[in-house]
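# for reference, the sequence and a predicted model appear below.
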Amino acid sequence: MNHTNEFVRSKQPYDAIVVGAGASGLYALYHLQKRGYNAMLIEAGDGVAGTWYWNRYPGLRVDVESVEYSYAFDDDLQQEWEWSERYAAQPELERYFNHVADRFDLRPSILLSRRVTAAQFDEASGRWNVETDRGETFDAQYCIMATGLLSAPKDVNFPGLDEFKGVTAHTARWPEEGIDFAGKKVAVIGTGSSGIQVIPIVAETAEHLTVFQRTPAFAVPLRNCVPPEGYFEEVKANYAEWRRREKYASFGGWVAVNYKPVDLTTTSALAVSEEERLALYEDRWESGGLAFYNVYPDIFGDRAANDTLAEFLREKTRTRIDDPAIADILIPNDYPVMMRRLSAETNYYETFNRDNVTLVDVRATPIQSFTPIGLQTTEQEYDFDIAIFATGFDAMSGALVRIDIRGRDGQALTDHWSDEIRTTFGMMASGFPNMFYISGPGSPAPLFQPVLFCEDQMTWLTSLFSHMKTQGKTVVDPTPEFEETWIQECDRALDVTLFNETPSWYVGGNIEGKSGRGLIYFGGIHPYREWISKCASNDYAGFALQ
Ligand code: N01
């Protein structure tokens, strides 16, 4: 038992245990401690930063501008931190979250290098018993799962993989020492945001790169750079206003377009002239990154509106690819744009113009199995020294179902979620009292940047805790009836969008047998805030207190 462990143990019994030291977990710990709760945090990694700790593949950088993808809760923090680029790369983000841990003196309350393996609710005490893979147990009134929405890699289970004699790596579990591609034959499987970021970097030094693509992605230029002189200073001088707009007047928690904060577009894509529509799309194209999330709202629900943007992006992309046959494979034409997460890229399409890069369409010629020297598709064998899996995540619920969570009467969370993900506001599950998820399944987290979203959820939670205190209550549990209301609201919100038209991680479609029901609240942040604040002002109706 190390010193830190003893120090943390000496502070028992806890009011709250936070699981996960990513953006949400660090903030949750800070928020609770600032309000006088005796809280500690447990993290599986050897360092903090969550996503930015585990995913360290070359090419990884954030695709929301750094000045926006950062905490808003402390003005001194946002004034003093200096970003070096428009979109920070992984090492800088890792430094930022480490700085936050130091600046707010969070480290003494963080236990690193142990994975939470189990948590049981004890009916008699109304408290949680949390176990780690080191055999430790901790006890707390509240258990706050900040385990990440995209943190559990999807299982990689290609037949024959055990026989492969080369090096393998998953983008989300990249070795700290890195991988040298020079003079090597490399394969990348997967062309979502992770694949799209790593592929151009690998191609620069590998002898040969073979990309195995199943579903083509819509990807737009990121346009990373050192921003024009004075830009960061101007944002900082007006941060309060930027933050207000990000939180209350944006689609996803970011507002920068061409270095200016823009308002949400509320008109229909079909209600304006083609000239006006194309001018807006050109403006977003020029800006780069995720600016396309701030176009006409009906692209999310109306296929004809969506087609206008999809076609714009297809035309732009085609001009960047030399070989029309390669372009046909790389450009999506059978699902609506934005219904898979838009990727932001740097030299991605140009990479396929290189002599040392081969694209394999594994939709047309599926991978059959790995071999000792590579892999076999239905068409031919490919050999390589290094296999990179950019195959994605068991999103939203994956990190939670990998922990043996037991609620009332020993019920397993995996049983509660066996048919579909059932949560209340994406923050709790009925029968699992006093356990809360931050950016959890059933929340709008994937549609709103998590660094800001956690502030909303933690504020709501500590208001609930205060309410409980004033009522003399110690246990909170959503009723099954209210949970059903929330699931139906999730259904309603999904049904008015086009998200179900392609089997992405948004709807559980990337994992065989996974239901998309209740996985994400597609109503987005603004209706979500209305729901949770209405519930709070209604004395938390739908939540049973005891
Ligand atoms: O994962 P993905 P990701 N055989 O699920 C393919 C965020 N993020 O890690 O779609 C062959 O998007 C799969 O093909 P298909 C961001 O929110 C952000 O790239 O199943 N292929 C797909 O092409 C993002 O959306 C950044 O047909 C297989 C790919 O692998 C989310 O994380 C950077 C396969 C997986 O794509 C996930 O992104 C990175 C198989 N058996 C990630 N299994 C930023 O820029 C899977 N694939 C901030």
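That came through, no problem. Predicted model, so just to flag it, every value in this text is computed and none were measured.
# list the residues that contact the spatially closest residue to residue 183 that is not a sequence neighbour.
Once flanking residues are discounted, residue 183 sits nearest to residue 207: 5.2 Å by Cβ to Cβ, 6 or more residues apart in numbering. In this view, the C-beta of every residue, glycine as well, is placed from N, C-alpha and C. For residue 207, the contact set (Cβ atoms under 8 Å, 6 or more residues apart in numbering) comprises 182, 183, 184, 185, 356.
# and what of residue 322?
For residue 322, the contact set (Cβ under 8 Å, 6+ apart) comprises residue 353.
# that one and residue 222: what is the separation?
Distance from residue 322 to residue 222, counting by Cβ to Cβ, to the nearest Å: 21 Å.
# what does residue 428 give?
The spacing between residue 428 and residue 222, counted by Cβ to Cβ, is 36 Å.
# so residue 44 touches residue 114, yeah?
Yes: Residue 44 is in contact with residue 114 according to Cβ atoms under 8 Å; the separation is 6.8 Å.
# which one's more surrounded, these two?
Set side by side, residue 44 and residue 114 show more neighbours around residue 44, with 20 against 17, by other Cβ atoms under 10 Å.
# residues in contact with the more buried one?
By Cβ under 8 Å, 6+ apart, the neighbours of residue 44 are 113, 114, 115, 116.
# now the first one: which helix or strand?
For residue 113, there is no enclosing helix or strand under DSSP states H and E.
# residue 116 against residue 131, yeah?
Yes: using Cβ under 8 Å, residue 116 is in contact with residue 131, at 7.0 Å.
# who's more crowded, those two?
residue 116 (26 against 18).
# pairing partners for the closest residue to that one other than its chain neighbours in the sheet, please.
Excluding the flanking residues, the one nearest residue 116 by Cβ to Cβ, 6+ apart is residue 19, at 5.0 Å. Taking DSSP bridges as the rule, residue 19 bridges to residue 42, residue 145.
# okay, domains of this protein per the record?
3-152+394-545, 161-217+340-389, 231-318 (automatic domain parsing).
# tell me which of these lies nearest to residue 333.
domain 231-318 (7.0 Å; Cβ to Cβ).
# that closest one close to the ligand?
No: Domain 231-318 stays clear of the ligand (Cβ under 6 Å from any ligand atom), getting no nearer than 9.0 Å.
# distance between the ends of that domain?
This stretch, domain 231-318, spans 32 Å end to end (Cα to Cα, to the nearest Å).
# same question for stretch 285-295.
11 Å.
# just stretch 78-89 next, same as before
End-to-end distance of stretch 78-89 (Cα to Cα): 18 Å.
# that stretch close to the ligand?
No: using Cβ under 6 Å from any ligand atom, we find that stretch 78-89 stays clear of the ligand, coming within 8.2 Å at best.
# can you tell me what sits against that stretch?
With Cβ under 8 Å, 6+ apart, stretch 78-89 has contacts from 60-67, 69-72, 92, 96, 99, 222-227, 232, 236, 239, 289, 344.
# list only those of those residues flagged as buried.
With neighbours counted by 16 or more other Cβ atoms under 10 Å, those contain buried members at 60-67, 69-72, 92, 96, 222-224, 227, 232, 236, 239, 289, 344.
# for the ligand, what's the nearest residue on the stretch 51-200 of the chain?
Closest to the ligand within the stretch 51-200 of the chain is residue 192: 2.2 Å, counting by Cβ to the nearest ligand atom.
# so where is the stretch 1-150 of the chain shaky, pLDDT-wise?
1-7, 9 (pLDDT under 70).
# where's residue 161 relative to residue 170, distance?
Distance, residue 161 to residue 170, by Cβ to Cβ: 12 Å.
# run through the strands of the stretch 101-250 of the chain in chain order.
For the stretch 101-250 of the chain, applying DSSP state E, counting those that start in this stretch gives strands covering 110-111, 116-122, 127-132, 137-145, 167-170, 185-189, 208-213, 219-221.
# now these in JSON lines, with distance to residue 409?
Output for the strands of the stretch 101-250 of the chain, formatted as JSON lines (distance: least, Cβ to Cβ, whole Å):
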{"stretch": "strand 110-111", "distance to residue 409": "29"}
{"stretch": "strand 116-122", "distance to residue 409": "9"}
{"stretch": "strand 127-132", "distance to residue 409": "15"}
{"stretch": "strand 137-145", "distance to residue 409": "17"}
{"stretch": "strand 167-170", "distance to residue 409": "37"}
{"stretch": "strand 185-189", "distance to residue 409": "42"}
{"stretch": "strand 208-213", "distance to residue 409": "46"}
{"stretch": "strand 219-221", "distance to residue 409": "48"}
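# residue 535: which of these is closest?
It's strand 137-145; of the strands of the stretch 101-250 of the chain, that one is closest to residue 535 (Cβ to Cβ) at 18.1 Å.
# who are the packing partners of that closest one?
Contact partners of strand 137-145 among helices and strands, from 3 or more Cβ pairs under 8 Å, 6 or more residues apart in numbering; DSSP states H and E: strand 14-19, helix 23-34, strand 127-132, strand 435-437.
# now do the second one: everything it contacts.
Identification of contacts with helix 23-34 by Cβ under 8 Å, 6+ apart yields 15-16, 18-19, 39-41, 43, 48, 50-51, 71, 73, 97, 100-101, 104, 106, 109-110, 144, 146, 148, 438-439, 450-451, 453-455, 457-459, 462.
# hmm, residue 437 is touching residue 400, no?
Yes: between residue 437 and residue 400 a contact is recorded at 6.9 Å, counting by Cβ under 8 Å.
# before we move on, the earlier item: list buried residues within the contacts of residue 207.
Burial by neighbour count, judged by 16+ other Cβ under 10 Å, picks out 184, 185, 356 from these.
# now those in JSON lines, with pLDDT and distance to the ligand?
Supplementary listing: the buried ones among the contacts of residue 207 in JSON lines, determined by pLDDT from 0 to 100; distance: Cβ to the nearest ligand atom, whole Å:
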{"residue": "184", "pLDDT": "98", "distance to the ligand": "21"}
{"residue": "185", "pLDDT": "98", "distance to the ligand": "18"}
{"residue": "356", "pLDDT": "98", "distance to the ligand": "21"}
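# including distance to residue 528, could the residues you listed go into TSV?
TSV is the format used below for the buried ones among the contacts of residue 207 (distance: Cβ to Cβ, whole Å):
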residue	distance to residue 528
184	46
185	47
356	47
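# what's the closest of these to residue 539?
Nearest to residue 539 among the buried ones among the contacts of residue 207, counting by Cβ to Cβ, is residue 184 at 62.4 Å.
# so for residue 351, which of the helices and strands packed on strand 137-145 sits nearest?
Of the helices and strands packed on strand 137-145, nearest to residue 351 by Cβ to Cβ is helix 23-34, at 30.0 Å.
# what is the neighbour count of the closest residue to residue 129 other than its chain neighbours?
Leaving out its chain neighbours, the residue that sits closest to residue 129 by Cβ to Cβ, 6+ apart is residue 120, at 4.9 Å. Residues near residue 120, counting by other Cβ under 10 Å, number 16.
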